[in-house]
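Chemist: How does the following fold in three dimensions:
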Amino acid sequence: MNLLSFIILFILFSLFTNFKTKLKRIFILFPIIFVLIFYLFLSVNFFHKGNFYPSKEINYYHMCCNYYNLLVDSIKKHKLYIPSDTIDYETRYFYTEKEKNKLSLLDTSVYKNKVFLYFGITPILLFYLPFNIITGLYLTDKFLVFILSSLIFLLSLSLIKKITQSIANIKNIPNNILISVTFFIGFCNLIPFLIIRSAIYEVAITSAIFLLLIALHLFYYYLTIKNSKLQYLLIFCLSLVLCLSVGARPHYIIFIPIFFLIIIWIKYKKTRNVHEILFSALIFLIPCLTYGIVLALYNYLRFDSIFEFGIKYQANNHHMNTFMPSIKDFIVGLKNNFMLLPNINEYTFFSLTKAYGHRMGNEYITGFLWTCPMIAILIFLPDFLKKTYKENSNTFIFLSTMIFIIVINIIIASIFGMVIRYIFEFSSLMIIVSLIIFLFYISTMEDRTVKIFLNILFVLIFIFSIFINTSLLFCRENFWTHDSLKNTNYTEIVNFLF
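Modeler: Reported below is the predicted structural model:
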């Protein structure tokens, strides 16, 4: 089984770095480059492999892919809907350019016999439209998800480094663990699952998480920088990035008042100056009001209501406009998103399991506790926060905010179902916090025997986590349809790895 051989090579390489401490910065580049190459491999070789690179023409393919470009073309023609010659409600397809292109109505919004893109406009304003105007090419969903996923990976590593440095001495952490953390972030936070089957859904989520991670970096700098003028700039940028994230994932609007109240509270505690507090509040609210007006106008021009984002007219079988969340849905989603066992098969050993019992999303998943057992360390969260507060109060505030965001994403994801891309919205941040906690404890551990034990335990968790994530990634249940595997070297890869 070559996969285990590769994992063992990763471990041996990481252990070797313990003896070459002076070359640590060079060694850590290897796993970063390896992960990025792996992301590129997944993007290029799976799920309509010929539609990765930007092109002069829009490439249509099943299902719901490159629809953002359809709206780009419409916006350039001063329209906000996707032109359609025919809308077939029975088969749930619509046709463009005299029925040459058959496109799925799934998760679009249909109002007054016009097809609108249900998903937010932020990816278009930030990525698709500027790219098209500058290059004359159409940015593909697959290419954008690859770029955003790579940046999410790098931003996650940056965040772990910054927070760990503020509360612990990194020199006390064995090099093999630092190297393994890079692989952990790259393989075990579910990013590969989004890359391998990219569509409009994955674009929305990776855009939102990318912006959220930028917002967290800006918030961290705000907490640590004393220059008041620079703080005002950071407040403005933080607010703007948060607002843009709402245009990708609407429920991120909840994070805006959270950051607003925390910033005002911090300003009050540090200055007690009414003028500075009000000025900070004003700077934060300017982007909120500006982008809020843009979204309200966008909604009104499409659906004759500033409060309608398209949910009421969404073309799918879930009837989201009439869906009323229940405690049962939340409990079923919470239990399965964390605890659902993987299946065993004859191809990749582990495979995703079909989730049942929720009124909304019931897809093939595996509980996050199984794909990343490292999150079990969160049981030490109260003690960790207590010690962090003593070490660095700013880091305590930052981590508390981050945990609050994780809890909100867990609640939202569990309410709306069991879907891998939903799990990613909290797993991406949860694994960051889990690794920070582990790095903190192992850096402060004075007993050599206990430190060695924790290192061995970490290696064992690493082996299991990499193996199960790779196995689940290449299992057949991970693909929407087996047609997605046509013209790929899927069978050869599975045979080689497993």
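Chemist: Which parts of the stretch 51-200 of the chain are helices?
Modeler: Shown for the stretch 51-200 of the chain, the helices assigned by DSSP state H, counting those that start in this stretch span residues 67-76, 122-123, 129-135, 141-167, 175-188, 191-195, 200-224.
Chemist: Mind listing what's buried along the last one?
Modeler: Right, helix 200-224. Going by neighbour count (16 or more other Cβ atoms under 10 Å), the buried part of helix 200-224 is 200-223. All C-beta spots, glycine's among them, are computed from the backbone N, C-alpha and C.
Chemist: Now do that helix against helix 141-167: the angle between them, please.
Modeler: Using axes from the mean of the first three to the mean of the last three Cα atoms, to 10 degrees, the direction of helix 200-224 lies 20 degrees away from that of helix 141-167.
Chemist: how distant is the helix or strand just after helix 200-224 from the center of its chain?
Modeler: Using DSSP states H and E, the next helix or strand after helix 200-224 towards the C-terminus is helix 228-246. Centroid displacement of helix 228-246 relative to its chain, using Cα atoms, centre = their mean, to the nearest Å, is 20 Å.
Chemist: rewinding a little: how about the helices of the stretch 51-200 of the chain, which one is nearest residue 43?
Modeler: helix 141-167 (4.2 Å; Cβ to Cβ).
Chemist: Could you list every helix and strand in contact with the closest one?
Modeler: If you count contacts as 3 or more Cβ pairs under 8 Å, 6 or more residues apart in numbering; DSSP states H and E, helix 141-167 packs onto helix 24-45, helix 175-188, helix 191-195, helix 200-224, helix 381-391, helix 393-416, helix 420-444.
Chemist: Now tabulate those helices in CSV and tack on mean pLDDT.
Modeler: Listed next are the helices and strands packed on helix 141-167 as CSV, based on pLDDT from 0 to 100:
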stretch, mean pLDDT
helix 24-45, 89
helix 175-188, 91
helix 191-195, 95
helix 200-224, 95
helix 381-391, 91
helix 393-416, 94
helix 420-444, 94
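Chemist: Dump those helices into TSV; add distance to residue 70 as well.
Modeler: Formatted as TSV, these follow (distance: least, Cβ to Cβ, whole Å):
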stretch	distance to residue 70
helix 24-45	21
helix 175-188	33
helix 191-195	21
helix 200-224	10
helix 381-391	45
helix 393-416	25
helix 420-444	21
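Chemist: Could you say which one of these comes nearest to residue 160?
Modeler: Between the helices and strands packed on helix 141-167, helix 420-444 lies closest to residue 160; by Cβ to Cβ that is 5.7 Å.
Chemist: between whichever helix or strand comes after that closest one and helix 24-45, how big is the angle?
Modeler: Next helix or strand after helix 420-444 toward the C-terminus (DSSP H and E): helix 448-473. With the same axes, to 10 degrees applied, the angle from helix 448-473 to helix 24-45 works out at 20 degrees.
Chemist: Name the residues of helix 448-473 that are buried.
Modeler: By neighbour count on 16+ other Cβ under 10 Å, the buried set for helix 448-473 is 451, 454-455, 458-459, 461-473.
Chemist: Name the residues that touch whatever helix or strand comes next after that helix?
Modeler: Per DSSP H and E, the first helix or strand lying C-terminal to helix 448-473 is helix 490-497. By Cβ atoms under 8 Å, 6 or more residues apart in numbering, the list of residues contacting helix 490-497 from outside reads 1-3, 46, 347-348, 470, 474.
Chemist: got the angle for helix 490-497 vs helix 24-45?
Modeler: Per the same axes, to 10 degrees, the angle that helix 490-497 makes with helix 24-45 is 150 degrees.
Chemist: For residue 244, see how far away residue 399 is.
Modeler: Using Cβ to Cβ, to the nearest Å, we find residue 399 at a distance of 24 Å from residue 244.
Chemist: Likewise for residue 11?
Modeler: Separation of residue 11 from residue 244 (Cβ to Cβ) stands at 40 Å.
Chemist: more crowded one of those two?
Modeler: When residue 11 and residue 244 are compared for neighbours, residue 244 comes out ahead with 24 against 18, by other Cβ atoms under 10 Å.
Chemist: The more buried one contacts residue 214, doesn't it?
Modeler: No. Applying Cβ atoms under 8 Å as the test, residue 244 and residue 214 come out as separate, 9.3 Å apart.
Chemist: ok, now which ones touch residue 219?
Modeler: Going by Cβ under 8 Å, 6+ apart, residue 219 touches 234, 238, 259, 398, 401.
Chemist: repeat that for 7 Å
Modeler: Counting by Cβ atoms under 7 Å, 6 or more residues apart in numbering, residue 219 touches 238, 259, 398, 401.
Chemist: quick one on the thing from earlier: indicate which one of the helices and strands packed on helix 141-167 is closest to residue 335.
Modeler: Per Cβ to Cβ, nearest to residue 335 of the helices and strands packed on helix 141-167: helix 393-416, 8.5 Å.
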